[in-house]
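Novice: Sharing a model that was predicted from the sequence below.
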Amino acid sequence: MPQSPNHPAYTHSLSRRHGDTVRTDGGSAANDLIVLGTHVGTHIDALAHVSQDGKLHGGLDAVTEQVGGRFMTGGIQDVAPMVCRGVLLDVPAALGIEACPPAYEISVADLEKAVGTQRTPVAAGDVVLIRSGWGQRWDDREAYIGGESGVPGVGTAGAQWLAARGVRAVGADTIAFEHLPANAGHARLPAHRILLVEHGINIIETLSLEELAASGIREFVFILSPLHFVGATGSPVRPLAVVGA
């Protein structure tokens with residue numbers, strides 16, 4: 001699957017196959033081994049994932065907190081299960097386009113236009129998911145990673161707009177949530193600094209938002225529960241948008 005080059009790859013193998021061991025009654029079983037980074041596929045960032053000038057959220061010393069190989073403060077174990085209001089801000093729909101172009105920085109005006117067009121005000125405690133349309137590129141690994149083309153997303157101003165509304169978490173349909181300029185890779189990630197370090201807001205990346213957007217649904221009950229990996233900087237997740245029949 002497409003993934004950031006900063007994280008260990010996803011690998012799956014059958015450690016036992018049917019027929020390797022057969023019981024006396026003829027029964028057999030297969031099982032698997034998976035290896036992956038905690039920031040591969042759809043996942044959520046813990047606050048310990050990013051530091052700025054050696055400090056984590058709350059002014060904690062990043063080096064001191066990681067002694068022992070795990071973050072006992074700011075690790076994914078501190079992220080409680082989420083059952084709350086979710087809002088999908090469908091930026092391309094608001095702009096009248098199919099998808100945001102490569103390296104497009106989603107502006108505050110874009111976010112506010114989506115809110116106004118949809119009539120879905122963002123409130124404190126919400127989880128806000130931002131659709132750029134980039135998820136349509138999922139089946140093309142290099143295109144989705146967007147190393148040369150850049151990737152659409154919010155930048156500094158957009159992240160500050162979200163933080164000012166006191167949201168619980170944010171997410172997007174891209175590999176690093178935020179705006180990536182062409183040929184820049186992940187050299188600078190200011191939205192991560194603003195959200196994780198400065199405001200303690202978790203980030204969800206690589207979301208599948210196309211089906212939800214096509215349904216026309218913009219508000220829903222959002223459910224997400226990270227795996228309880230004590231001390232980890234993130235966790236794979238399978239978030240759900242629960243809607244009425």
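Specialist: Received, thanks.
Novice: What is the neighbour count of Val197?
Specialist: 22 (other C-beta atoms under 10 Å). Backbone N, C-alpha and C define where each C-beta goes, glycine included.
Novice: let me fix that: Thr117
Specialist: 16.
Novice: right, and it touches Pro92 too?
Specialist: No. If you go by C-beta atoms under 8 Å, Thr117 and Pro92 don't touch, sitting 11.3 Å apart.
Novice: how about the nearest residue to Gly166 once chain neighbours are set aside, what does it touch?
Specialist: Once flanking residues are discounted, Gly166 sits nearest to Ala124: 3.4 Å by C-beta to C-beta, 6 or more residues apart in numbering. By C-beta atoms under 8 Å, 6 or more residues apart in numbering, Ala124 lies in contact with 165-167.
Novice: Read off the pLDDT value for Ala124.
Specialist: Looking at Ala124, its pLDDT reads 98.
Novice: what's the answer for the one 3 residues further on, then?
Specialist: In the predicted model, Val127 carries a pLDDT score of 98.
Novice: mind listing what it touches?
Specialist: If you count contacts by C-beta under 8 Å, 6+ apart, Val127 has them with 82, 84-87, 167-171, 204, 222, 224.
Novice: give me phi/psi at it?
Specialist: phi -100, psi 120 (degrees, to the nearest 10).
Novice: Same list, the contacts of Val127, but as a markdown table with secondary structure and pLDDT please.
Specialist: As requested, those are exported to a markdown table (DSSP: H, G, I helix; E, B strand; the rest coil; pLDDT from 0 to 100):
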| residue | secondary structure | pLDDT |
| --- | --- | --- |
| Met82 | strand | 98 |
| Cys84 | strand | 98 |
| Arg85 | strand | 98 |
| Gly86 | strand | 98 |
| Val87 | strand | 98 |
| Val167 | coil | 98 |
| Arg168 | coil | 98 |
| Ala169 | strand | 98 |
| Val170 | strand | 98 |
| Gly171 | strand | 98 |
| Ile204 | strand | 98 |
| Phe222 | strand | 98 |
| Leu224 | strand | 98 |
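Novice: just those now: which is nearest Thr42?
Specialist: Ranked by distance to Thr42 (C-beta to C-beta), those are led by Ile204 at 7.2 Å.
Novice: Leaving out chain neighbours, which residue sits closest to the closest one?
Specialist: Going by C-beta to C-beta, 6+ apart, Ile204 has Gly171 as its nearest residue, at 3.2 Å.
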